[in-house]
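*Asks:* take this sequence and fold it.
(one chain, ligands or ions: 2)
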Amino acid sequence: MKALHALDRHLALAGFMGSGKSRAGRVVAARTGRPFVDLDEEIAARSGSSVAELFAARGEAAFRELEEQVVQDVLSGGDPVVVALGGGAVVAERTRALLRARAFTVLLDVDPETMWERVAGSDRPLVTSEESFRALHRERQPLYDDVADGRAHDVDGILLAAAGVQVEPGAVDELGDLVPGDGPVELVADAHVSGIHGIRAQVGLGARDAALHEVPAGEPAKTAAVLERLWAHFAIGRDGSVVALGGGSTTDVAGLAAATYMRGVAWTAVPTTLVGQVDAGIGGKTAIDLPGGKNVVGAFHWPARVVCDPSLLTTLPEPERRNGLAEVVKTGLLAGLPLWERSELDQVRACAAFKSGVCLGDPHDRGARNQLNLGHTFAHALEAAAGYGLPHGRAVALGLLAALRLSGLDDAVRTVKTVLAPEPVAVDAGRAWAALARDKKAERGAPRLVLLNAPGKPRWGVEVPEADVRRALEELIA
Ligand SMILES: NC(=O)c1ccc[n+]([C@@H]2O[C@H](COP(=O)([O-])OP(=O)(O)OC[C@H]3O[C@@H](n4cnc5c(N)ncnc54)[C@H](O)[C@@H]3O)[C@@H](O)[C@H]2O)c1
Ligand SMILES: [Zn+2]
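*Replies:* Ligands and ions are numbered 1, 2, ... in the order given. The predicted structure follows:
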């Protein structure tokens, strides 16, 4: 059986010579915060000579033996790494078995012309003529297909595959193939979304045995009562899975139902909002609200698959789209790229890949994942002060302003103003401050925030004097 994602597994990059495994691997390692191992470099370091020298001095068989040993050592390690395999590493049956057992393997699928252009004239062993290059590629293709758990053309594609995220217009029509396994499905859908896209999703599920459960549209779905109803109505065994069709509210409650039912069954998120596709559907945080606060009860439960189909967004009302754009701006600032200027499909792809990378490196939010809270300390305080009547996206736009002002980044402040046009909100300043202080009380002392040194250079856990935080918050209030 193929692995579903690279959570708790090594992420191995396979592909023919010239496919760009080493270069992509280095970037993927940086984006996930995982250590990087370049197999050929590791072999060279251990043997004290280059791959070309090894081939020349000891022959291919001796090289392959050493390669197998190094793969075994690297993949036996407990902490997940990113490893760029040598082009021929998959020839060894033992290596393929190890990859199946311990890694999620992404095949870098590059056309042979491009790869030949890259390697022609290099000192790589086995590169003699274009003809032999192509023949070797054809010969190895079945082995690459055998080890590939996912395929990608670029770094974002690798990160998406590694997180189990599929971004593709029309993907919902193939839902039956995308939901892992072949067991029965509990389809949980936002009641409003169900009326718009429910039939399409059910047709997409094809021959899969599926029962539909409607939950209230939007935030009211995130209650203990709704969760309990789902538990009571689910009838799947451990071979079944939950499919959530809706925005972040639906994926949050359905994901928590999947995390807890039978001590955890697999689930697939099919986010139908921009917020869901760029943010909420990814990373495995699930939750419901209590009267005392948002997301108080939840679980980390990584979705087996996330199906982001931008064609589902065509029916999204404008205010909901703006909510999503605030998260796109947040992600763009964290990534250091003006993602908000891209087409919607590219926004979804880039943001989903960014979040995938961060969450794969820190699934339980103990470090780097904190950065995704940029602007959110202020946003949550304003939302609480407004009794949760303030749309999250509007609150995030304001929160970003405050975080960027405290970061001293005037250009980024201007960007947020131009793209998101945030208007101060009329809430009680005392209530907002109390909510912010409560939000941060677990850390004691001065509030700690996510700030940016520059776009693309976030730092988290930054201690900021209380008076400055208070002033920044008050600037957001009409
Ligand atoms: N788990 C996470 O990592 C994470 C991250 C961000 C946000 N969230 C949570 O997500 C929730 C917000 O989710 P959201 O902003 O995606 O919205 P939502 O699920 O609350 O839905 C908002 C509204 O949009 C409607 N809608 C959804 N898809 C539609 C479509 N395709 N066409 C027409 N209408 C559609 C819904 O019926 C609803 O009325 C919050 O509860 C937040 O806490 C979770
Ligand atoms: Zn948010």
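
*Asks:* what sits closest to residue 262 if chain neighbours are left out?
*Replies:* Sequence neighbours aside, residue 238 is the residue nearest to residue 262 in space, at 5.9 Å (criterion: CB to CB, 6 or more residues apart in numbering). (Glycine included, C-beta is placed from N, CA and C.)

*Asks:* verify the stated contact: residue 460 with residue 377.
*Replies:* No: under the contact definition of CB atoms under 8 Å, residue 460 does not touch residue 377, with a separation of 10.8 Å.

*Asks:* need the residues touching each of these two.
*Replies:* Shared contacts of residue 460 and residue 377 (CB atoms under 8 Å, 6 or more residues apart in numbering): 449, 450.

*Asks:* higher neighbour count, those two?
*Replies:* Using other CB atoms under 10 Å, the more surrounded residue of residue 460 and residue 377 is residue 377, with 23 against 16.

*Asks:* and the helices in the stretch 251-400 of the chain?
*Replies:* Counting by DSSP state H, counting those that start in this stretch, one finds helices in the stretch 251-400 of the chain at the ranges 274-275, 318-335, 344-361, 376-385, 392-407.

*Asks:* what is the mean pLDDT for the second one?
*Replies:* Spelled out, it's helix 318-335. Model confidence over helix 318-335 averages 97 on the pLDDT scale.

*Asks:* same check, this time on the shortest one
*Replies:* Summarised as a single mean, pLDDT over helix 274-275 is 98.

*Asks:* how about stretch 144-160?
*Replies:* The average pLDDT within stretch 144-160 is 97.

*Asks:* how far does it sit from its chain's centre?
*Replies:* Between the centre of stretch 144-160 and the centre of its chain there are 14 Å (CA atoms, centre = their mean, to the nearest Å).

*Asks:* so how far is the first residue of that stretch from its last?
*Replies:* Between the opening and closing residues of stretch 144-160 we find a distance of 19 Å, counting by CA to CA, to the nearest Å.

*Asks:* pull out the buried residues from it.
*Replies:* For stretch 144-160, burial by neighbour count (16 or more other CB atoms under 10 Å) applies to 144, 147-152, 155-160.

*Asks:* same check on stretch 422-433?
*Replies:* For stretch 422-433, a neighbour-count test (16+ other CB under 10 Å) marks 422, 425, 427, 432, 433 as buried.

*Asks:* with stretch 352-364 instead?
*Replies:* Using 16+ other CB under 10 Å as the test for burial, stretch 352-364 gives 352, 353, 354, 355, 356, 357, 358, 359, 360, 361, 362, 363.

*Asks:* got CSV for those residues, with distance to ligand 1 and pLDDT too?
*Replies:* Output for the buried residues of stretch 352-364, formatted as CSV (distance: CB to the nearest ligand atom, whole Å; pLDDT from 0 to 100):
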residue, distance to ligand 1, pLDDT
352, 12, 98
353, 15, 98
354, 13, 98
355, 8, 98
356, 12, 98
357, 15, 98
358, 11, 98
359, 9, 98
360, 14, 97
361, 15, 96
362, 13, 96
363, 12, 96
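
*Asks:* how about the residues of the stretch 51-200 of the chain by ligand 1?
*Replies:* Taking CB under 6 Å from any ligand atom as the criterion, the neighbours of ligand 1 within the stretch 51-200 of the chain are 190, 192, 193, 196.

*Asks:* for the record, mean pLDDT for whatever helix or strand the third one lives in?
*Replies:* Counting by DSSP states H and E, the element that carries residue 193 is helix 191-204. In this model, helix 191-204 has a mean pLDDT of 98.

*Asks:* need the contact partners of that helix.
*Replies:* For helix 191-204, contacts defined as CB under 8 Å, 6+ apart pick out 172-176, 187, 189, 210, 212, 214-218, 243, 245-247, 250, 270, 272, 312, 315.

*Asks:* look at residue 244 and give its secondary structure.
*Replies:* strand (DSSP: H, G, I helix; E, B strand; the rest coil).

*Asks:* hmm, back to that, the residue nearest to residue 262: which element?
*Replies:* Counting by DSSP H and E, there is no helix or strand that carries residue 238.

*Asks:* is it correct that it is in contact with residue 261?
*Replies:* No: using CB under 8 Å, residue 238 and residue 261 do not qualify as a contacting pair, with a distance of 9.8 Å.

*Asks:* can you name the next helix or strand after the strand or helix carrying residue 159?
*Replies:* In this assignment (DSSP H and E), residue 159 forms part of helix 155-163. For helix 155-163, the succeeding helix or strand toward the C-terminus, using DSSP H and E, is strand 165-167.

*Asks:* quick one: mean pLDDT over that next one.
*Replies:* Here strand 165-167 scores 98 as its mean pLDDT.

*Asks:* so what are the sheet partners of it and their directions?
*Replies:* With DSSP bridges as the criterion, the sheet partners recorded for strand 165-167 are strand 305-308 (parallel).

*Asks:* gap between the strand it pairs with and the chain center?
*Replies:* The chain centre lies 10 Å from the centre of strand 305-308; the measure is CA atoms, centre = their mean.

*Asks:* now check it, is it near ligand 1?
*Replies:* No: residues of strand 305-308 contacting ligand 1 under CB under 6 Å from any ligand atom: none, with a closest distance of 11.2 Å.

*Asks:* quick check: angle from the host helix or strand of residue 430 to helix 376-385?
*Replies:* Element membership for residue 430 (DSSP H and E) is helix 429-440. Following axes from the mean of the first three to the mean of the last three CA atoms, to 10 degrees, one obtains 130 degrees for the angle between helix 429-440 and helix 376-385.
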